[in-house]
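In: Here is a sequence together with a model predicted from it:
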Amino acid sequence: ETIGPGLNVEGLSQLQRVKRSLSFKLLEGALDGLKADNLQLEQLIQQQSSKIKEDTGYIVPVTLLKEMSKFASLASSCLHGETDPRCLLQLLRLLNKVQQTILPLFFRTPENDSRFRFPSVEVFDAVAPYYPIQ
């Protein structure tokens, strides 16, 4: 799968374990930053809501939802072809964090707009081969 000009995700499995691990840590760092920003935004909204005595809420911009969907797809595509148990564990934790951090943003769309959905099927398809059901 190609994610941009000259960037091939399936090539990650060809890299040395150390470089793959570093790549996954970078993705996790991006999620940590998003989570921290989201917490700050929620605190600001709570402060505003308490001042004006009503729930102001907020809607996540469509452009952000598109990028978060791409990010979740990228993270899930990294799992394809991975065989090293250490990297597998790291990626499974990353996908868990993706779901905990990004998925709630999709519930803040107007009327749950179907054009902007979290790529749950892609995440499931990436993880399913590692959890065989008997």
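Out: Okay, I see it.
In: Low-confidence ranges, this protein, go.
Out: 1-13, 52-58, 109-115, 133-134 (pLDDT under 70).
In: what are the ranges of the strands in it?
Out: Secondary structure of the chain (DSSP state E): strands at 2-4, 7-8.
In: what does stretch 86-104 contact?
Out: Applying C-beta atoms under 8 Å, 6 or more residues apart in numbering, the contact partners of stretch 86-104 are 17, 20-21, 24-25, 27-28, 31, 34-35, 38, 68, 71-72, 75-76, 78-79, 82, 118, 123, 126-127, 130. The way it works is simple: take the backbone N, C-alpha and C, and place the C-beta from them, glycine included.
In: Number of residues surrounding residue 29?
Out: Using other C-beta atoms under 10 Å, residue 29 has 10 other residues around it.
In: Tell me the spacing between it and residue 104.
Out: Using C-beta to C-beta, to the nearest Å, we find residue 29 at a distance of 19 Å from residue 104.
In: what's the nearest residue to residue 75 if we skip its chain neighbours?
Out: Nearest in space to residue 75, with sequence neighbours left out and distances taken as C-beta to C-beta, 6 or more residues apart in numbering, is residue 98 at 5.0 Å.
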